[in-house]
Each structure stands twice: as C-alpha cells, then as structure tokens.
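> build me a model from this:
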Amino acid sequence: DELCHSYTNLCVPTHTRQQWLRSRYGFECTCTRCKGAAYQGADVDALMEQVVVEEAMVDAEAAENDGGDGVDTKLALSESALMRAEQCGDPREAQRLIQQAVAIRRRHCHPLSLLRYHAESALCSHALMLGDEATARECGSHAISFLEMALAHVPWHPSLSVDRMHHACSEAAVGSKAEGLRQMELCVPALLLTHGEDHALTQRAIAVRRALRRHVRGVGV
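Residues are numbered from 1 along each chain as shown. Model prediction:
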C-alpha cells in the first residue's frame, strides 16, 4: 500500500507500473490487478491503451472532412495543443487549446483510455480555475469514470476521492444535487479511511456532504 500510494501512478497500464517497481525497487507487486484474481488488470490495460474507437462510432461525414490526416497526426495535434496550453499566459486561450485537444480525443480515443483521461482531466481543472462549472461537470464525469475503472481494486484512493468532491460541487452548482450527494456519499468514507476524520480535506468533504444532504433530503447532517 505504501508503494502504491506514495511512489507509483496506478492510473497507467499494469505492465508499465510493474516494470517501474521492478527496476527501481526490485519489487514484484501481487495486488489483485497485477495477479488478475478478483480483478482482471488485463481488461483495464486494454481500455487504457485503446486509441481508435470502433469505425462504426466515427461519423462518416466528419471523417471525410479530415482532409486525409491520419489518427496519429490528429493525436499529435492534440498533444501539441495541450503543451501549448500549459505555456499559454492567457487563461481563455489556454482553455480553447485544451478544448481543441479534448474534441480530437473524444472522437479518436476510447472513453476510458489514458489519452482521453489526460485531456478531460486537464480541461476539468482549467474550467474549475475559471469558474466554468458546466464544463467542469461534463469533463469531471469522464474523469471519474476513468478513475473508477483504473482504481477499481483500490476504490478508496485519494485521487478518486478528490475528483469526486470537485465533481459533486459542480453537480450541485449546475447539475443534479442528488448526483452530487451520491458522489459525496462515496467520497467521505474513503477520506475517513485514508486521511482520518481530523484532516482538513476530510472535514471539507463532510461539510459538502452535509450541505448536499440538507438540499436533497431536507436533513441537517
């Protein structure tokens, strides 16, 4: 658990994480994802690394307008847009660049692929910074779906908890308070386990859950 939480990124294909642990620590992981016992890591890896969606899912007319550019070229353009956004001093222009990358990857990447997650997560974070709750809500939903898959063997992982709380706040602002509460009912127990009740993050999550319970259920706790 210490290695998984502190030093390795669980949101990568299994073989990548195994190689990193082996080369740096001489450590052979025996978690359920690596061993494929209760949870089949190979299934997750296939989704993470799936780039092109099924041909039937691609709009034929849009494909005709691509000008003949291949998928690799499109994905390279999306990566370039993300890199330019990181260096851009204009927040609105940066958001436009990230949106460009997201549009490409929504078309050419599996919804649960790493490439799709990186773009959706980047746009969600940027939208939150700009106060664009609607965009943050849309992208946050995609990001949570990816993390639920990638971290299914460690559902209490803090990365998922933090994203759940951000998404719950966006849902409460512009979407469904009931969905926001559902996310917080999953978030709070996980943070109690990983951070403890007295941690500032846990206390904030408890406060968000309490407010949503009041709105949804009409209760004060």
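> okay, now Q87: neighbour count?
Q87: 8 surrounding residues under other Cβ atoms under 10 Å. For the C-beta atoms, the positions are set from N, CA and C on the backbone; glycine is no exception.
> what pLDDT does the residue sitting nearest the centre point of the chain get?
For the chain, A143 is the residue whose C-alpha lies nearest the centre (Cα atoms, centre = their mean; 2.6 Å). Looking at A143, its pLDDT stands at 94.
> quick one: buried residues of the strand or helix carrying it?
A143 is part of helix 133-150, with elements assigned from DSSP states H and E. Buried residues in helix 133-150, counted by 16 or more other Cβ atoms under 10 Å: 133, 135-144, 146-147, 149-150.
> for M48, state which of those is nearest.
Taking Cβ to Cβ as the measure, M48 sits nearest to A150 out of the buried residues of helix 133-150, at 7.0 Å.
> quick one: contacts for E148?
Applying Cβ atoms under 8 Å, 6 or more residues apart in numbering to E148 gives the contacts P155, L160.
> at 10 Å what do you get?
Taking Cβ atoms under 10 Å, 6 or more residues apart in numbering, we find E148 in contact with L112, P155, L160, D163, R164, L186.
> in which helix or strand does the fifth one reside?
By that I understand R164. Following DSSP H and E, one finds R164 within helix 158-174.
> can you name every helix or strand that that helix contacts?
Secondary-structure packing of helix 158-174 (3 or more Cβ pairs under 10 Å, 6 or more residues apart in numbering; DSSP states H and E): helix 114-130, helix 133-150, helix 177-194, helix 200-217.
> tell me what the first one is packed against?
With contacts defined as 3+ Cβ pairs under 10 Å, 6+ apart, the packing partners of helix 114-130 are helix 41-48, helix 71-87, helix 91-108, helix 133-150, helix 158-174.
> same check on the last one?
Secondary-structure packing of helix 200-217 (3+ Cβ pairs under 10 Å, 6+ apart): helix 158-174, helix 177-194.
> looking at those, which is buried most?
Highest mean neighbour count of the helices and strands packed on helix 200-217: helix 158-174, a mean of 22 (counted as mean count of other Cβ atoms under 10 Å).
> domain ranges for this protein?
As recorded under automatic domain parsing, the domains making up the chain are 1-40, 50-138, 151-215.
> just put the helices and strands packed on helix 200-217 in a markdown table and tack on mean pLDDT and distance to S80.
Formatted as a markdown table, those follow (pLDDT from 0 to 100; distance: least, Cβ to Cβ, whole Å):
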| stretch | mean pLDDT | distance to S80 |
| --- | --- | --- |
| helix 158-174 | 95 | 26 |
| helix 177-194 | 97 | 33 |
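> these: which one's closest to C124?
With Cβ to Cβ as the yardstick, what comes closest out of the helices and strands packed on helix 200-217 is helix 158-174 (7.4 Å).
> tilt between that closest one and helix 177-194?
Using axes from the mean of the first three to the mean of the last three Cα atoms, to 10 degrees, the direction of helix 158-174 lies 150 degrees away from that of helix 177-194.
> in CSV, list the C-alpha atoms belonging to helix 158-174.
Presented in CSV, the C-alpha positions along helix 158-174 are these (Å, rounded to 0.1, in the frame of the first residue of the first chain):
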residue,chain,number,x,y,z
PRO,A,158,-7.3,9.8,-2.7
SER,A,159,-7.2,10.7,-6.4
LEU,A,160,-10.7,9.4,-6.9
SER,A,161,-11.9,11.0,-3.6
VAL,A,162,-10.7,14.4,-4.6
ASP,A,163,-12.2,14.2,-8.1
ARG,A,164,-15.5,13.0,-6.6
MET,A,165,-15.6,16.1,-4.3
HIS,A,166,-14.8,18.5,-7.2
HIS,A,167,-17.5,16.8,-9.4
ALA,A,168,-20.0,16.9,-6.6
CYS,A,169,-19.6,20.7,-6.2
SER,A,170,-20.0,21.2,-10.0
GLU,A,171,-23.1,19.0,-10.0
ALA,A,172,-24.5,21.0,-7.1
ALA,A,173,-23.9,24.2,-8.9
VAL,A,174,-25.2,23.4,-12.4
